[in-house]
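Asks: coords please:
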Amino acid sequence: NNGTGTPTIHVTGAGNFTVSGTNGKVSDKTAGTALTAFSLDNTFTGTVTFANTNTYSGGTSITNGTLVAGMAGALGGGAVTVGGGSLDLNGTGIVNLTLAANKNFTFSSGTLALDLGTSSDQITGSGTGKFSLTGGTLALTLGTGFDYGVVYQVFNGFDSGTSNVSGLTFTGFDSGAYQASLNNLGQLSFAAIPESSACGALAGAFVLAGAIGRRRMKRGA
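Replies: Reported below is the predicted structural model:
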């Protein structure tokens, strides 16, 4: 970028980009030089995997492909925006993805993949940071220890007074027996759907009561 603005790592095409190993890290250039705050713009169809803690501060934008965050600090110190593609918290293990102080998490389209069980994936913010989820899919994987009666704190530490949740789709659970919901406090819960047999019996009782009532009215006439 010729030494001006915020330099960006653009991941395009259909390949994969993995940062791992003992010293693997994506970081800003040394403070005091022209380039300071790197950002990541994931616009491709492959998979980006961050298996270590990164320190770039320019933010993370996902519009296509898959980004696997395998550590609490995998996405650096900037805001996170998901407008397509998929953000997967490690895929199989449990991760508490932690944003820097006062940074926002914005999700409007695509997929956020979460594992729920005895321990569960979580996204943590702080200060004035808020989360805004206005569309897209929460793809749930139910692991050992999962319980439909438990309330899962998926988003934690954000400014709940300014956070927003609407228009979400939930997958990966028994949608025939339960309804999933996420509130503005970041709590994911499941409500049992009344069994169809019970509903049918209740409806039948109403029909029978109505028929008996009509017969009594005719007799009285």
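
Asks: isn't S109 up against T81?
Replies: No. Using Cβ atoms under 8 Å, S109 is not in contact with T81; the gap is 10.4 Å. For the C-beta atoms, the positions are set from N, CA and C on the backbone; glycine is no exception.

Asks: if you count what's nearby, which of those two comes out ahead?
Replies: T81 (18 against 15; other Cβ atoms under 10 Å).

Asks: partners of the more buried one in the sheet?
Replies: S61, T106 (DSSP bridges).

Asks: which residues are in contact with it?
Replies: By Cβ atoms under 8 Å, 6 or more residues apart in numbering, the residues touching T81 are 59-62, 106-107.

Asks: same thing with A177?
Replies: 192-193.

Asks: and S108, what pLDDT?
Replies: Looking at S108, its pLDDT is 96.

Asks: show me what contacts it?
Replies: Applying Cβ under 8 Å, 6+ apart, the residues near S108 are 82-83, 132-136.

Asks: that one: what secondary structure?
Replies: Taking DSSP: H, G, I helix; E, B strand; the rest coil as the rule, one finds S108 in the strand state.

Asks: and it, how far is that from L87?
Replies: 12 Å (Cβ to Cβ, to the nearest Å).

Asks: go on, N102?
Replies: Distance from N102 to L87, counting by Cβ to Cβ: 20 Å.

Asks: which one of these two is surrounded by more residues?
Replies: Using other Cβ under 10 Å as the criterion, N102 and L87 rank with L87 on top: 25 against 13.

Asks: the more buried one and D174: what is the separation?
Replies: 24 Å.

Asks: next one, pLDDT for D41 please.
Replies: 74.

Asks: over to I212?
Replies: 52.

Asks: how about L140?
Replies: 97.

Asks: what's the burial count for it?
Replies: 23.

Asks: which residues does it contact?
Replies: Neighbours of L140 in contact, by Cβ under 8 Å, 6+ apart: 114-116, 170-173, 180.

Asks: closest one to D147 out of these, please.
Replies: L116 (9.0 Å; Cβ to Cβ).

Asks: skip the chain neighbours and tell me the closest residue to the closest one.
Replies: Nearest-residue entry for L116: F146, 5.2 Å, with adjacent residues in sequence omitted and distances by Cβ to Cβ, 6 or more residues apart in numbering.

Asks: name the helix or strand for V48, please.
Replies: According to DSSP states H and E, V48 maps onto strand 47-50.

Asks: residues contacting that strand, please?
Replies: Residues from elsewhere that reach strand 47-50 (Cβ under 8 Å, 6+ apart): 11, 16-20, 26, 40, 42, 65-71, 74-75.
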